[in-house]
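> for reference, the sequence and a predicted model appear below.
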Amino acid sequence: MSLEKLFHLKENHTDAKTEILAGITTFMTMAYILAVNPSILSATGMDSGAIFTATALASMLATLLMVIFANYPFVLAPGMGLNAYFAYTVVLQMGYSWQTALAAVFIEGIIFIILSLTNVREAIFNAIPMNLKHAVSVGIGIFIAFIGMQNAKIVVDSATLVSLYSFKGSVAAGTFSSEGITVLLALLGILITGVLLIKKVKGNILWGILITWFLGIACQLTGLYQVNPELGCYSLLPDFSGGISVPSLAPTLMQLDFKGILTLDFFVVMFAFLFVDLFDTLGTLIGVASKADMLDENGKLPKIRGALLADAVGTSIGAVLGTSTTTTFVESASGVAEGGRTGLTAVTAAILFGLSLFLSPIFLAIPSFATAPALVIVGFLMMTSITRIDFEDYTEAIPAYIAIIAMPFMYSISEGIAMGVISYVIVNLIAGNASKKRISPLMYALALLFVVKYIML
């Protein structure tokens, strides 16, 4: 069967060459997830090699599902923000095992599948005020930027809770050549990635990671950077001593733990995964599709049910493999900008994710100080949603603001969502705007549920 029959290229005003180049572009802009995801999730104690394999496989399989269900040029991978929520909130803060967190992701995927086959998802989407949806994106952006700066040790613990890394102190302690130099490289990497973004360089985030890493390698080879495992400063050179092979998936495959899933806390965790995944996916699909002129005359995406289903099934598959929520990447817009209009773009990216499995020594050697700039810049991109919040209406703006600041200050995405929902309902009730705003019964139910959660904590 020809590519034309499979992907309807002429009908979508494109050709095979354009689609393949668009697929390569999309992969380049989001391949950073192969380095960043193992870096974040391994903080839970998960095996970084297995996470790498799970990330590549989940991305490939979910993207192929997008092609089968919708023939769209959208590429999927474990989502930024959700991986941070998985590691830093659910596991490290709330105390759940990573196996239980994977179970929450799996169940969230199953619920998302059911919602994707019905009209319930529209009811949920419509129940949450638009300003709160934008606030969630902003809050996650600040949160993951904070995590990036912590991972790079730019921000460290102190008597004031957090403070800037002390270069003078590292020189005095004799740790500058191992730890201090990496903090400088991370700061430089943020600036480099920012300039690449300004210059609209294709794959700017991936290039930012690679340039920062290569500068680190240069420092190691010239003796400016010294390996010190006690400080978490390891060799920056890829280890090909074991040959080219795919890291075993065994440490994370089918490691889901369903014990304790009937607790209120577990429900809140699962709902937070579902909430962020649902709105992130819908927002990404509509945003990217509008850039590609794929929306119909009513502003709707014709095959959105198939696209949402691919996202939902991909999430459950990813959990079984051993990674956090798989979602449609906004970086798909880069391929669309290159002319990608059909599933051939997505197939190309999926093949490249499959090939990347054999390059694990390279991706796993990339240190956290090199992936930190990616987190900071992705945080910036997510924070741009703040311009869509209506700051003229204080009954909208104040709950949005509370949701935003709660995420980094409480070190939890779900706390931000809960605070946002509760404050929105209370502020509008007291201000006498509840009937005018037509706050949905679902919002009242969510607010009550979150209040009960805090009472029972």
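Happy to help now that I have it. Residues are numbered from 1 along each chain as shown.

> for Leu364, see how far away Ala62 is.
22 Å (CB to CB, to the nearest Å). Where C-beta positions appear, they are placed from N, C-alpha and C, glycine not excepted.

> Val162 - that's part of a strand, no?
Yes. Assigned with DSSP: H, G, I helix; E, B strand; the rest coil, Val162 falls within a strand.

> tell me who's in contact with it.
Taking CB atoms under 8 Å, 6 or more residues apart in numbering, we find Val162 in contact with 155-156.

> repeat for the one 4 residues further on
Contacts were defined as CB under 8 Å, 6+ apart; by that measure Ser166 touches Val156.

> for Met383, see how far away Met46 is.
For Met46, the distance to Met383 - CB to CB - is 28 Å.

> which one of Ala62 and Leu364 is surrounded by more residues?
Ala62 (29 against 19; other CB atoms under 10 Å).

> which helix or strand contains the more buried one?
Element membership of Ala62, judged by DSSP states H and E, is helix 48-70.

> list the buried ones in that helix?
Residues of helix 48-70 classed as buried: 48-67, 69-70 (neighbour count, 16 or more other CB atoms under 10 Å).

> restricting to C-alpha, output it in PDB.
Taking Å, rounded to 0.1, in the frame of the first residue of the first chain, the C-alpha atoms of helix 48-70 are listed here in PDB:
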ATOM      1  CA  SER A  48      17.500   5.000  35.100                       C
ATOM      2  CA  GLY A  49      18.400   2.500  32.300                       C
ATOM      3  CA  ALA A  50      14.900   1.000  32.500                       C
ATOM      4  CA  ILE A  51      13.300   4.400  32.600                       C
ATOM      5  CA  PHE A  52      15.200   5.400  29.400                       C
ATOM      6  CA  THR A  53      13.900   2.200  27.600                       C
ATOM      7  CA  ALA A  54      10.400   2.800  28.900                       C
ATOM      8  CA  THR A  55      10.500   6.400  27.800                       C
ATOM      9  CA  ALA A  56      11.600   5.500  24.300                       C
ATOM     10  CA  LEU A  57       9.100   2.600  23.900                       C
ATOM     11  CA  ALA A  58       6.200   4.500  25.400                       C
ATOM     12  CA  SER A  59       6.900   7.500  23.100                       C
ATOM     13  CA  MET A  60       7.100   5.200  20.000                       C
ATOM     14  CA  LEU A  61       4.000   3.100  20.800                       C
ATOM     15  CA  ALA A  62       1.800   6.000  21.800                       C
ATOM     16  CA  THR A  63       2.800   8.000  18.700                       C
ATOM     17  CA  LEU A  64       2.000   5.100  16.500                       C
ATOM     18  CA  LEU A  65      -1.500   4.900  18.200                       C
ATOM     19  CA  MET A  66      -2.000   8.600  17.200                       C
ATOM     20  CA  VAL A  67      -1.300   7.600  13.600                       C
ATOM     21  CA  ILE A  68      -3.700   4.600  13.700                       C
ATOM     22  CA  PHE A  69      -6.600   6.400  15.600                       C
ATOM     23  CA  ALA A  70      -6.400   9.900  14.000                       C
END
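
> for that helix, give the mean pLDDT please.
Averaged over helix 48-70, pLDDT sits at 94.

> elements contacting the following helix or strand past it?
Scanning forward in sequence from helix 48-70 by DSSP H and E, the next helix or strand is strand 76-78. With contacts taken as 3 or more CB pairs under 8 Å, 6 or more residues apart in numbering; DSSP states H and E, strand 76-78 sits against helix 33-41, helix 48-70, helix 304-321, strand 326-328.

> list the buried ones in stretch 383-403?
By 16+ other CB under 10 Å, the buried positions in stretch 383-403 come out as 383, 385-386, 389, 395-403.

> try stretch 444-453
Quick answer for stretch 444-453 (16+ other CB under 10 Å): 446-447, 449-450, 453.

> stretch 261-268 now?
Under 16+ other CB under 10 Å, the buried positions of stretch 261-268 are 265-266, 268.
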